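A.B. asks: I need the structure of the sequence given here:
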Amino acid sequence: MSIEILAPGGSVEGIYAALLHGADAVYTGTSRFSARAFADNPTVPQLCEILEYAHARKKKIYLTVNTLLTEEELEEDLYPMLKPLYENGLDAVIVQDPGVMHLIHECFPDMDIHASTQMTILTAQGANQWIPYGVTRVVPARELTIKEIAQMRRETSLEMEVFVHGALCYCYSGQCLMSQVIGGRSGNRGMCAQPCRFPYQTSNGETGHFLSPKDMCTLGQIGELIEAGVNSLKIEGRMKKPEYAAFTAKMYRLYADAFETGKTISHVELQEDIRKLMDLYNRGGFCKGYLFEKDKKDIIFKEKNGHYGVEVGEVTHVQKGQVTYRLSNSIAYQDVLEFRDKNGEKQYEYTVKDGAEPPAEISARYQKGCVIKPGQKVFRTKNSMLLEEINEEILQEKKEDKCKVKGFFRAEAGKEIALEITCGNLRCQCTGVVAQQAKGKPVLAADIEKRLKKTGESEYEFSQLDLSVPEGIFIPLGQIAALRREAFEKMKQLQKDADLEKRREVPACPPTSLPEKKNEKKEQVFVNLTDFRHISEVKSLVKEGKIKVTMVIPLEWFPAAKWAEVSEMMKDMPFYISLPVILDMPARKHFLHNWEKYGVCFQKGNLEGILIQSMEHIPVLSGMGMADLPRVAGPRLYQWNQRTKRVYESFGIKGHASLRYGRQAVMVTKGCVNQQLGQCKKEGKNPVIQEISTPKKDCFLSLPICEYCYTFCYEKDAKRYELQCEDDVPLVDLALMSSQEIRKVLTQWNSLL
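C.D. replies: Numbers count the residues shown, from 1 in each chain. Next up is the predicted model:
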């Protein structure tokens, strides 16, 4: 089976454009519960029409329900929204919230569920644990390498859908809280304001878009993706225009087909096609993503954000009010060009009036006040000819987008004429007037064929038409057209009847809301201790009876060789541990090696439980010999509704800890600001904590966890937070706190909580 090309559908027009240009499937949202809430999403009735259209062409539609839902939204709103789509054959839903997964699997049992990249699934073991909840496909975290993807393929029966083109998030998807913190627009509610695209300034004065990845393009690596066992090549871009969806789908279908059929595409052709994709949209050129890039620095473009365009020339002369530039690439009428300084800042923009070819020198007037100098580069940010070609193709495809049928026409003197047509496994026949022996000029078979093939605005077209017409008969040609129209109408009705037969039956009653099951309210507070000083100070207060807490040791903050020292300090006091938040395959292997070598000290001590910060930790616990310890969900496991709580309970997780006081980690990232600044520290050395701030002075602290190769981005200041739910256990996080801050927190303990 050919690999699936999965295109974005941010609008009705974009969905049809993608389906017409090579996409085997389109993922889209509605106005609610979608991670792209501001896209021009189709309505439910429009999606029902789209499903009929797509299925008639053997295409698929996947619906994004990939946000966190409140109790009311989940129990009252989701079911009625999905019901008509389920009945009309919706192919799959893409889900982030385990509670949403639970309801869909219960109420729509025949619906395929795709685990969204926002679930931060990093390993086959992390993916396989969702199979009992109806998951049939996994969209792994975009931070995995092609080697990790291939290993996951070998260890799971689930389909695998991998992002191959378009924008990249800086943060592990679903782990980002920065948009909510800065502007009150939660990415987990579909309203991300993209603060990672801001320019940031470090404490030493360096400025750049340190959190802004380039766009991704793997057109030249499709063979490696197919050989790795990927089932679906996913293109990002639901906020982009229909031309983007159409052309990217076309390109990836073309290259996938070429690889699968053994056709060779030259390097020159590949580079030209990549340039066209860059003309549509790119940020600082393309990268190959974490899939294929060896150096993380090559993924970030810190000089500029937004569409970068394609370089087309260089300024050679500047006179008062006039600039001359030499072309390195062709330009066309209505192209939009930018003149940029050495820092990439736009100095002037204008629209081309006359096309030209390199190495022509072009002169143009520019506005007073623009700083243009020889040597500055000229970029095209709108390729008008390419857009025109794509739109012409879309229009032509719409005209030719007809359902193909096979036909057989039969005529015999003295008998009714007959037309039989077949479409797939559907067949119908219509009869008409009685054919007569010709008394004058007979009707020729060519005349009949011409009338039958004149399908006009009909949605059908003959892919094959056979005729049995003897010589010397007469049939009114108008009756031929009438017979064709009647046969097509009959086929249309057959297809509708067939669609009705395929409609799924939905349970007679909507789901009953789960009774709220509150956790037993315990007089318990978790406190996160991230260095030895924390342990000493909190232990002293506990022993003095001033505070009563459950101490948590996050293992990524302590070198494995120091775990025995931690265990020794905790020998007279029960405590929890939490595992490194990101345990991809290399990190998981490294952690389990450390555990086997050093973790025995905890097994002999007062280890009381595990604070679970990722569902990837569940299968790891068995490998640690810790499967029987109590488990509590940490702040990074969102719990917005009762169904999610029930799902977590099925994994042995009881209770949920919410951050009550401390610095909130607003991002967990594969990227590293230190690496961008050339300050990457080798394992074993203290990492540099970078302070970064937005133009509006929102400040954050970037802290790399070098041993496991990921980074926390914290709010600069510690503060008090509201609990997610009233029965949550409060957690105080002492991360990055000075001795003065710690004393303040611990002496004002009761008032803070």
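A.B. asks: let me see the contact set for residue 665.
C.D. replies: Residues in contact with residue 665 (Cβ atoms under 8 Å, 6 or more residues apart in numbering) are 177, 636, 712-714, 735. For glycine as for every other residue, the C-beta is placed from the backbone atoms N, C-alpha and C.
A.B. asks: again, 10 Å this time
C.D. replies: By Cβ atoms under 10 Å, 6 or more residues apart in numbering, the residues touching residue 665 are 175, 177, 581, 613, 635-636, 659, 700-701, 703, 711-715, 733, 735.
A.B. asks: what is it paired to in the beta sheet?
C.D. replies: On the basis of DSSP bridges, residue 665 is bridged to residue 714.
A.B. asks: all strands of the stretch 151-300 of the chain, in order?
C.D. replies: Assigned by DSSP state E, counting those that start in this stretch, the strands in the stretch 151-300 of the chain fall at 159-166, 200-202, 207-208, 215-217, 232-235, 286-287.
A.B. asks: mind checking those for the one nearest to residue 591?
C.D. replies: Proximity to residue 591 (Cβ to Cβ) singles out strand 159-166 among those, at 23.8 Å.
A.B. asks: pairing partners for that closest one, with directions?
C.D. replies: Applying DSSP bridges, strand 159-166 is found paired with strand 135-138 (parallel), strand 215-217 (antiparallel), strand 232-235 (parallel).
A.B. asks: low-confidence ranges, the stretch 401-550 of the chain, go.
C.D. replies: 501-502, 507-510, 512-523 (pLDDT under 70).
A.B. asks: can you give me the strands for it?
C.D. replies: In the stretch 401-550 of the chain, the strands defined using DSSP E, counting those that start in this stretch lie at 403-410, 416-423, 426-434, 436-437, 460-468, 473-474, 526-528, 550-554.
A.B. asks: can you redo the ones you listed as CSV with mean neighbour count?
C.D. replies: CSV is the format used below for the strands of the stretch 401-550 of the chain (neighbours: other Cβ atoms under 10 Å):
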stretch, mean neighbour count
strand 403-410, 18
strand 416-423, 19
strand 426-434, 16
strand 436-437, 12
strand 460-468, 14
strand 473-474, 18
strand 526-528, 25
strand 550-554, 22
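A.B. asks: pretty sure residue 166 sits against residue 236.
C.D. replies: Yes: distance between residue 166 and residue 236: 2.8 Å, which falls inside the contact criterion (Cβ atoms under 10 Å).
A.B. asks: so what sits against both of these two?
C.D. replies: Contact criterion Cβ under 10 Å, 6+ apart; residues shared by residue 166 and residue 236: 8, 215-216, 248.
A.B. asks: list the buried ones in stretch 363-376?
C.D. replies: Of the residues in stretch 363-376, 364, 366, 372, 376 count as buried by neighbour count, 16 or more other Cβ atoms under 10 Å.
A.B. asks: now, which of those lie within strands?
C.D. replies: Within those, residues falling in strands by DSSP state E are residue 364.
A.B. asks: take the buried residues of stretch 363-376 and keep only those in helices.
C.D. replies: Using DSSP state H, no member of the buried residues of stretch 363-376 sits in helices.
A.B. asks: just the endpoints, please. Distance across stretch 347-366?
C.D. replies: Distance across stretch 347-366, first residue to last, is 10 Å (Cα to Cα, to the nearest Å).
A.B. asks: typo on my end, it should be stretch 735-750
C.D. replies: This stretch, stretch 735-750, spans 19 Å end to end (Cα to Cα).
A.B. asks: ok, and what's touching it?
C.D. replies: 525, 527-531, 533-534, 537-538, 540-541, 546-549, 554, 557, 661-665, 689, 701, 703, 712, 714-718, 732-734, 752.
A.B. asks: buried among these? Make that a PyMOL selection.
C.D. replies: This is how PyMOL selects the buried members of the contacts of stretch 735-750, with burial counted by 16+ other Cβ under 10 Å:
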select buried, resi 525+527+528+529+530+534+537+538+541+547+549+554+557+661+662+663+664+665+701+703+712+714+715+718+732+733+734+752
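A.B. asks: residues contacting residue 65?
C.D. replies: Residue 65 makes contacts with 29-30, 32-35, 78, 81-82, 93-97, 100-101, 103-104, 113-114, 116, as judged by Cβ under 10 Å, 6+ apart.
A.B. asks: ok, now how distant is the nearest residue to residue 107 once chain neighbours are set aside from residue 97?
C.D. replies: Excluding its sequence neighbours, the residue lying closest to residue 107 (Cβ to Cβ, 6 or more residues apart in numbering) is residue 511, at 5.1 Å. Distance, residue 511 to residue 97, using Cβ to Cβ, to the nearest Å: 15 Å.
A.B. asks: how about residue 73?
C.D. replies: Distance of residue 73 to residue 97, given as Cβ to Cβ: 10 Å.
A.B. asks: now do the shared contacts for the two.
C.D. replies: Shared contacts of residue 73 and residue 97, counting by Cβ under 10 Å, 6+ apart, come down to 33, 67, 640-641.
A.B. asks: out of these, the closest to residue 360 would be?
C.D. replies: Proximity to residue 360 was ranked across the shared contacts of residue 73 and residue 97 by Cβ to Cβ; first place goes to residue 67, at 51.1 Å.
A.B. asks: check contacts around the closest one.
C.D. replies: Listed by Cβ under 10 Å, 6+ apart, the contact partners of residue 67 are 29, 32-37, 73, 95-97, 100, 116, 118, 174, 186-191, 640.
A.B. asks: also residue 400?
C.D. replies: Contacts of residue 400 (Cβ under 10 Å, 6+ apart): 20, 461.
A.B. asks: take the contacts of residue 665 and keep only those in strands.
C.D. replies: Residues of the contacts of residue 665 located in strands (DSSP E): 659, 700-701, 703, 711-715, 733.
A.B. asks: now for the closest residue to residue 122 other than its chain neighbours, how many residues are close by?
C.D. replies: Spatial nearest neighbour of residue 122, chain neighbours left out: residue 584 (4.4 Å); criterion: Cβ to Cβ, 6+ apart. If you count neighbours by other Cβ atoms under 10 Å, residue 584 ends up with 26.
A.B. asks: now do residue 584, the pLDDT please.
C.D. replies: On the pLDDT scale, residue 584 is placed at 96.
A.B. asks: that one: what's it in contact with?
C.D. replies: 120, 122-123, 126, 140-141, 143-145, 148, 172, 290, 590, 616, 670, 708-710.
A.B. asks: any idea how far residue 583 is from the residue lying farthest from the centre of the chain?
C.D. replies: Largest separation from the mean C-alpha position in the chain: residue 439, at 69.9 Å (Cα atoms, centre = their mean). Per Cβ to Cβ, residue 439 is found 88 Å from residue 583.
A.B. asks: repeat for residue 16
C.D. replies: Taking Cβ to Cβ, one finds residue 16 at 42 Å from residue 583.
A.B. asks: more neighbours: which of the two?
C.D. replies: Each of residue 16 and residue 583 has its neighbours counted (other Cβ under 10 Å); residue 583 has more, 25 against 22.
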